[in-house]
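**Student:** Predicted model follows, preceded by the sequence.
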Amino acid sequence: MHFSDNSLHPDSLLGSLSQDYTQDRGALKVPIYQSSTFVFPDSATMKRLFAYKNGRGELLPGEAEPMAYSRWNHPGLQTLEERLCVWDGGEAALAFESGMAAISSCWLALLRPGDVILYSNPLYGGCDAFIHTQLKAMQINSLAFDANDTVDDVLSRIDQAGFRDKIRVIHVETPCNPHNLMIDLSVAAEIKKILTKPEKEVILTVDNTYYGPVFQQPIKHGADVVLYSATKYIGGHSDVMAGACIGRKELMAVIRGWRTQLGATASPFTCFLLLRSLETLSLRMEKAAANARQLADWLNQHPKVKKVYYPGLAGETDSVNNLIFRKQCEHSGAMIAFDVKGGEKEAFCFLDALKLIRLAVSLGGTESLCAHPATTSHAPMTAANRARYGIGDAMIRFSVGIEHVQDLQADLNQALSQI
């Protein structure tokens with residue numbers, strides 16, 4: 001029995017899609033195939049299937065992709081990648097050992113010396129460093145644009161830099177970390193359309209880590225490739241490092257070749273953990289988001305809080321940021337940023353007083369975490385750039401978990417009272 005009824009809701013599909021119970025000896029869950037290599041029935045089959053692997057042959061009608069070596073493929077990986085397509089609506093998916101492995105493999109597959117990557121600011125620090133260090137060393141140039149730039153604004157920047165015929169990849173991270181700044185995907189998609197030529201397609205990649213696949217599906221808004229640190233919401237339990245890349249089959253085939261040669265394929269145990277997590281993805285995200293909605297409104301009224309950054313707050317529904325949010329997102333999500341009244345001293349006082357909420361980086365787990373972006377995730381940015389994007393010394397980043405909301409509120413309240 002091989003279950004693959006794509007008419008069902010993702011919540012139903014993610015526990016059974018692409019699982020063959022007869023092949024797995026009746027196991028309810030996909031087993032961990034902890035094997036580096038796989039046995040062939042005979043030499044002729046081995047020869048034919050290796051020819052296929054190397055692009056010099058085709059599979060027989062109805063024949064499944066062969067398992068040969070776990071750097072290329074393994075059963076858990078195959079099942080996971082089919083399920084990763086469900087929420088985003090992609091044609092194919094790839095799983096990696098980290099989010100940066102997914103992003104770097106994608107860009108290395110698509111970019112060549114002399115190309116330019118156009119990207120939204122502010123950007124995750126790892127991506128920013130890769131663009132300005134590794135890609136720069138390969139003679140791949142870059143150009144940034146800001147959240148509120150129009151299509152004409154961005155095209156003007158491109159023309160001033162002399163890059164109109166050199167843009168190969170447009171990369172967008174939305175919402176931006178840490179303050180839920182929205183980038184309009186329709187702007188990026190229109191720029192892609194304008195810059196694409198018959199001989200060279202411009203590829204739009206979108207980092208959807210901050211909202212996860214339940215609350216935003218960038219492919220619906222023109223993205224070619226969706227990227228994730230699956231360590232975050234997809235993994236969801238702070239116990240696995242992983243990445244994912246989802247999109248059109250032909251693009252995934254190119255990126256897959258680079259993943260194989262770079263050795264970044266997700267391991268059997270990584271795939272097992274992600275398969276477990278996908279089954280509860282919407283439950284976890286909806287609970288965390290419901291908590292965040294209540295806590296954001298409460299923080300917005302607290303006398304020790306200067307400003308809250310969360311889409312859809314009362315009184316801010318007509319802001320540009322919230323207009324974009326309502327156009328391309330399904331929910332406000334589970335990430336809150338807020339400025340306490342004061343500066344670094346007051347922020348540290350609050351953080352050190354927390355009891356239930358943990359002081360740690362990362363996000364998207366079942367437990368609530370708080371961190372100080374200016375001295376952690378965004379420390380590599382210059383002070384001028386942090387000021388430009390509103391990432392100040394008083395800012396707290398709050399990844400809301402699934403604990404009881406009243407307990408979280410009480411912990412926030414007692415910590416704020418220490419300021």
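**Tutor:** Done, it's in.

**Student:** list the contacts for the closest residue to K166 other than its chain neighbours?
**Tutor:** Nearest non-adjacent residue to K166, counting by CB to CB, 6 or more residues apart in numbering: V116, 4.4 Å away. The C-beta positions use only the backbone N, C-alpha and C, and glycine is treated the same way. Counting by CB atoms under 8 Å, 6 or more residues apart in numbering, V116 makes contact with I140, N141, S142, L143, F163, K166, I167, R168.

**Student:** So which residues of the protein form strands?
**Tutor:** The residue ranges that make up the strands of the chain, judged by DSSP state E, are 2-3, 19-20, 92-96, 116-121, 141-146, 167-173, 203-207, 225-229, 243-247, 305-309, 335-340, 358-359, 369-371, 395-399.

**Student:** Let's have those in TSV, adding mean pLDDT and distance to P61.
**Tutor:** Listed next are those as TSV, based on pLDDT from 0 to 100; distance: least, CB to CB, whole Å:
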stretch	mean pLDDT	distance to P61
strand 2-3	48	16
strand 19-20	70	18
strand 92-96	98	20
strand 116-121	96	41
strand 141-146	96	46
strand 167-173	98	37
strand 203-207	98	32
strand 225-229	98	30
strand 243-247	98	27
strand 305-309	96	55
strand 335-340	97	48
strand 358-359	97	54
strand 369-371	98	51
strand 395-399	97	48
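
**Student:** Could you check those strands and tell me which one is nearest H378?
**Tutor:** strand 395-399 (9.0 Å; CB to CB).

**Student:** what lines up beside that closest one in the sheet?
**Tutor:** For strand 395-399, the paired strands and their directions (DSSP bridges) are strand 335-340 (antiparallel), strand 369-371 (antiparallel).

**Student:** Give me whichever of these is most buried.
**Tutor:** Comparing those by mean neighbour count (mean count of other CB atoms under 10 Å), strand 335-340 comes out on top with a mean of 25.

**Student:** C-alpha coordinates for that one, CSV please?
**Tutor:** Written as CSV, here are the backbone C-alpha positions of strand 335-340 (Å, rounded to 0.1, in the frame of the first residue of the first chain):
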residue,chain,number,x,y,z
MET,A,335,7.7,35.8,16.4
ILE,A,336,7.5,39.0,18.4
ALA,A,337,10.1,41.8,18.8
PHE,A,338,9.7,44.6,21.3
ASP,A,339,11.8,47.5,22.7
VAL,A,340,11.9,47.9,26.4
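
**Student:** Go ahead and measure how far it is from the middle of the chain.
**Tutor:** Taking CA atoms, centre = their mean, to the nearest Å, the mean C-alpha location of strand 335-340 is offset from the chain mean by 21 Å.

**Student:** cool, stretch 173-193 as well?
**Tutor:** The answer for stretch 173-193 is 13 Å, by CA atoms, centre = their mean.

**Student:** Same check on stretch 161-180?
**Tutor:** Computed by CA atoms, centre = their mean, the chain-centroid distance of stretch 161-180 equals 15 Å.

**Student:** Buried residues in stretch 228-247, which are they?
**Tutor:** Neighbour-count burial for stretch 228-247 flags 228-236, 238, 240-247 (criterion: 16 or more other CB atoms under 10 Å).

**Student:** thinking again about what came up before, want to try CSV for the strands of the chain, with distance to A64 as columns?
**Tutor:** Putting those into CSV (distance: least, CB to CB, whole Å) gives the following:
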stretch, distance to A64
strand 2-3, 10
strand 19-20, 9
strand 92-96, 15
strand 116-121, 36
strand 141-146, 41
strand 167-173, 32
strand 203-207, 29
strand 225-229, 25
strand 243-247, 21
strand 305-309, 47
strand 335-340, 40
strand 358-359, 43
strand 369-371, 41
strand 395-399, 39
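
**Student:** closest to F350 out of these?
**Tutor:** Ranking these by their distance to F350 (criterion: CB to CB) puts strand 335-340 first, at 5.6 Å.

**Student:** For D165, give its distance to A44.
**Tutor:** Counting by CB to CB, to the nearest Å, the gap from D165 to A44 is 49 Å.

**Student:** ok, back up a step: ok, now how distant is the residue nearest to K166 from G89?
**Tutor:** Following CB to CB, the distance that separates V116 from G89 is 29 Å.

**Student:** do the same with R397
**Tutor:** Where G89 is concerned, R397 sits at a distance of 29 Å (CB to CB).

**Student:** okay, how far is it across stretch 170-188, tip to tip?
**Tutor:** One end of stretch 170-188 to the other measures 7 Å (CA to CA, to the nearest Å).

**Student:** cool, and stretch 56-66?
**Tutor:** 15 Å.

**Student:** same check, this time on stretch 257-275
**Tutor:** Taking CA to CA, stretch 257-275 runs 23 Å from one end to the other.

**Student:** Buried ones in that stretch, by neighbour count?
**Tutor:** Under the neighbour-count criterion of 16+ other CB under 10 Å, stretch 257-275 has 258-260, 264-268, 270-275 buried.

**Student:** Kindly report the same for stretch 59-69.
**Tutor:** In stretch 59-69, residues buried by neighbour count (16+ other CB under 10 Å) are P66, M67, A68.

**Student:** Same check on stretch 383-399?
**Tutor:** Neighbour counts over stretch 383-399 (16+ other CB under 10 Å) mark R386, Y389, I391, G392, D393, A394, M395, I396, R397, F398, S399 as buried.

**Student:** Thought P380 was touching the first one, still the case?
**Tutor:** No: no contact is recorded between R386 and P380 when judged using CB atoms under 8 Å, the distance being 10.0 Å.

**Student:** so which of the buried residues of stretch 257-275 comes closest to E330?
**Tutor:** Within the buried residues of stretch 257-275, the smallest distance to E330 is 21.6 Å, found for L274 (CB to CB).

**Student:** correct me, but that closest one touches I234?
**Tutor:** Yes: L274 lies in contact with I234 (CB under 8 Å); the separation is 6.3 Å.

**Student:** between those two, what contacts are shared?
**Tutor:** Between them, L274 and I234 share these contacting residues under CB under 8 Å, 6+ apart: A242.

**Student:** Where helices are concerned, which of the buried residues of stretch 257-275 count?
**Tutor:** Among the buried residues of stretch 257-275, the members found in helices (DSSP state H) are W258, R259, T260, P268, T270, C271, F272, L273, L274, L275.
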